[in-house]
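Asker: Here is my input, please return the structure:
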Amino acid sequence: MSRDSLKNDINRFALTAWTGGSSPPQEFHKNSTDFREIRSFCFRDQVKDCGGLDLWACAGTSALERARIFWNRAALNAWATLRNITS
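Answerer: The predicted structure follows:
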């Protein structure tokens, strides 16, 4: 699936920012295609919007640590988006 078609498909979800509360169950990461697609889209979009992982270079943090921060944020936002749809 191309990035543009994924973006158009994701727009139907009305992305929601996670603000606390529940977090996705571990098995949810593996079983939900929608969750994985939204998480990947959010991750790539956040990294792109912030100028890449090198822009956020701080003393004592690696690109991998910064990627984990964005990945975790994307996972929680994807969970909030899907939770919002089903409620």
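Asker: which residues touch the residue positioned nearest the centre of the chain?
Answerer: Here the mean C-alpha position of the chain is nearest to the C-alpha of residue 74 (CA atoms, centre = their mean), at a distance of 2.0 Å. By CB atoms under 8 Å, 6 or more residues apart in numbering, residue 74 lies in contact with 39, 40, 41, 42, 43, 46. For every residue, glycine as well, the C-beta is placed using N, CA and C.
Asker: Just give me the neighbour total for residue 45.
Answerer: Neighbour count of residue 45, defined by other CB atoms under 10 Å: 17.
Asker: Could you look up the SS state of it?
Answerer: Counting by DSSP: H, G, I helix; E, B strand; the rest coil, the backbone at residue 45 sits in helix.
Asker: Same list (the contacts of residue 74) but as TSV, adding neighbour count, distance to residue 17 and pLDDT.
Answerer: As requested, the contacts of residue 74 are arranged in TSV below (neighbours: other CB atoms under 10 Å; distance: CB to CB, whole Å; pLDDT from 0 to 100):
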residue	neighbour count	distance to residue 17	pLDDT
39	24	14	90
40	17	17	91
41	20	14	89
42	22	10	89
43	19	14	91
46	15	11	84
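Asker: ok, so of these, who is nearest residue 27?
Answerer: Comparing the contacts of residue 74 against residue 27 with CB to CB places residue 39 closest, at 14.6 Å.
Asker: Quick check: the closest one touching residue 81?
Answerer: No. Judged on CB atoms under 8 Å, residue 39 makes no contact with residue 81 at a distance of 9.4 Å.
Asker: still on that earlier bit, extract the C-alpha trace of whichever helix or strand the residue nearest to the centre of the chain is part of and format it as CSV.
Answerer: Element membership of residue 74 [criterion: DSSP states H and E] is helix 63-86. Extracted as CSV, the C-alpha positions of helix 63-86 are listed here (Å, rounded to 0.1, in the frame of the first residue of the first chain):
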residue,chain,number,x,y,z
ALA,A,63,18.6,7.7,17.3
LEU,A,64,17.2,4.4,18.4
GLU,A,65,16.0,5.9,21.7
ARG,A,66,14.4,8.8,19.9
ALA,A,67,12.7,6.3,17.5
ARG,A,68,11.3,4.4,20.5
ILE,A,69,9.8,7.5,21.9
PHE,A,70,8.0,8.3,18.6
TRP,A,71,7.0,4.6,18.1
ASN,A,72,5.5,4.4,21.6
ARG,A,73,3.7,7.7,21.0
ALA,A,74,2.4,6.4,17.7
ALA,A,75,1.2,3.1,19.3
LEU,A,76,-0.7,5.0,22.0
ASN,A,77,-2.3,7.4,19.5
ALA,A,78,-3.3,4.5,17.3
TRP,A,79,-4.9,2.8,20.3
ALA,A,80,-6.8,6.0,21.2
THR,A,81,-8.0,6.4,17.6
LEU,A,82,-9.4,2.8,17.5
ARG,A,83,-10.8,3.1,21.0
ASN,A,84,-12.6,6.3,20.0
ILE,A,85,-14.1,4.6,16.9
THR,A,86,-15.5,1.7,18.9
